[in-house]
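Novice: sequence first, predicted coordinates after that:
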Amino acid sequence: MENNIRCGVFLNSLVKATGKTLVGGLLVFALCGWINSVRAENAGILGSISAKGEKGNGPVQEGEVVILRFNPRGKWVIKADKDGNYAQHGLTPYKQYYVIVSGVNCTTEIRGPLTLNGTTLNLNFELKPGNGKRLTETEIEAFLNNGGIGNQETPKPEVTKVNVEKGNSKGNFDEMKKLLETGVSLVNKKKYEEAIVTFKQALVADSGYFEVYQNLGTALTSLGGDQLVAGTKARDNAKKEAARQAYQEAATVLEKAVSLAATDSRSLGPKAAPGLKLHRAEVLTTLGEYFSETESAQKAVLLFQEAVTGFPNGKERNRCLLGLGKAYRFADKLDYGAETLRELVKNEPNLMEAAFELAKILTIQDPEMKDVVKQQEALALYAKVADKANDPQVKAEAGAVAAFLKENLKSAIEAAKK
């Protein structure tokens, strides 16, 4: 709520300062979108591609990354750079994506379905030696629907593998595993409601495995994402409420998954716990972001803080810090958000999403634009994002704000000299 009030003050100051109703109106239209983070496309996927060679692992130069979305259809093709890194921003959140990676003299690897929760997902690939065959979109779709297309060098998508080791059984393990496999198959077919029912039946059969709670949380998140998108587009409050309930249930379910994983007698559980905490933190951030649930955002802050400890360095840590900065904003803890994001921007100067998020916080902190130093910092960030961001919408929004702040700062500095 406090963020919305500050947003209103800032936008009013824009209109007053420009003295141009049309320009002010256009800026109000653009800025309300990013200050409240209700944007159509603000998710992404990035990572690195490496392969095993005679001298150990090394980057796959110009490896090909294909990102597919089947509903609605979308396709993005990216080439990795000389260091094996790739990035794709501007993806619509709360939709399911598949990532297909290939390289010369390497196998092809497929991962998915992946649901993006308004953040940048980090995916690293380590390819094995192979024939370098690149699959067509038809072959990929057939592979996903039928469990393979006969290419022995191409592994099945990770999501179809239900490898649950017996060890924590509290009931009928075999029945639980059968239902778990059925539920995963339903998720692959985007039949989320049926999958949710099936996963709950699996829990009745045997509630001792975090994998069931994990998959149930994923199904609830996917269902909630679809409902949120549909409700937002159609301005349907009933669908939005259904989405909120799905996300709340997902947060509760993932809390149980984290608890079970942390105390799992198998080695897999403790290894999975940090990632589960991160997933739950993102779900809670979504609740705070889209449903103005400050309490959820505060819970997300605690989870991101805990999740960061599981990733002492690397891109997963950056993902945690970005999520933590956003959660701070929606919990109205702007000073902490700015501090967190400054650390991230310092360590990752080319991470435009972090720079944009920090600029938003600085703008909200100074709605009447009286702090020249803070406005200069915000202006530098907006200008950088406008110059380097891949998403055209982000570039346009950042550029519009940068142009306004530049004019406003010029007037403020001239007034101070008098």
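Specialist: The structure has been received and is ready for your questions.
Novice: so is Val77 in a helix, a strand, or just coil?
Specialist: The three-state label given to Val77 by DSSP: H, G, I helix; E, B strand; the rest coil is strand.
Novice: bridging residues for the nearest residue to it once chain neighbours are set aside?
Specialist: Using CB to CB, 6 or more residues apart in numbering and skipping residues adjacent in sequence, the residue nearest Val77 is Val66, 5.4 Å away. All C-beta spots, glycine's among them, are computed from the backbone N, C-alpha and C. When assigned by DSSP bridges, Val66 has beta-bridge partners Val77, Ile100.
Novice: roughly how far does Val66 sit from Phe356?
Specialist: 26 Å (CB to CB, to the nearest Å).
Novice: who has more neighbours out of those two?
Specialist: Each of Val66 and Phe356 has its neighbours counted (other CB atoms under 10 Å); Phe356 has more, 24 against 20.
Novice: what about that one, which helix or strand?
Specialist: With secondary structure defined by DSSP states H and E, Phe356 is part of helix 352-365.
Novice: where does pLDDT dip in the stretch 251-400 of the chain?
Specialist: For the stretch 251-400 of the chain, the stretches with pLDDT under 70 are 288-289, 291-292, 310, 312.
Novice: and the average pLDDT for the longest strand that the chain contains is what?
Specialist: What stands out as the longest strand in the chain, according to DSSP state E, is strand 43-53. Per-residue pLDDT over strand 43-53 has a mean of 81.
Novice: send me it as CSV with only the CA atoms.
Specialist: Provided in CSV are the C-alpha atoms of strand 43-53 (Å, rounded to 0.1, in the frame of the first residue of the first chain):
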residue,chain,number,x,y,z
ALA,A,43,11.0,-13.2,-16.9
GLY,A,44,14.1,-14.8,-18.5
ILE,A,45,16.4,-17.8,-18.7
LEU,A,46,20.2,-17.6,-18.7
GLY,A,47,23.1,-19.9,-18.0
SER,A,48,26.1,-21.6,-19.5
ILE,A,49,26.9,-24.6,-21.8
SER,A,50,29.9,-26.8,-21.3
ALA,A,51,31.1,-30.1,-22.6
LYS,A,52,33.5,-32.8,-21.5
GLY,A,53,36.7,-33.0,-23.6
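Novice: following it, which helix or strand comes up?
Specialist: strand 56-59.
Novice: buried residues, that following strand. List them.
Specialist: By neighbour count on 16 or more other CB atoms under 10 Å, the buried set for strand 56-59 is Pro59.
Novice: could you check the angle the helix holding Phe356 makes with strand 43-53?
Specialist: Interaxial angle of helix 352-365 relative to strand 43-53 (axes from the mean of the first three to the mean of the last three CA atoms, to 10 degrees): 150 degrees.
Novice: where do the strands of the chain begin and end?
Specialist: Secondary structure of the chain, counting by DSSP E: strands at 43-53, 56-59, 64-70, 73-79, 85-91, 96-102, 109-115, 120-122, 125-127.
Novice: what's in contact with the last one?
Specialist: Right, the one you point to is strand 125-127. The set of residues external to strand 125-127 that reach it, using CB atoms under 8 Å, 6 or more residues apart in numbering, is 47-52, 57, 60, 63, 101-103, 106-109.
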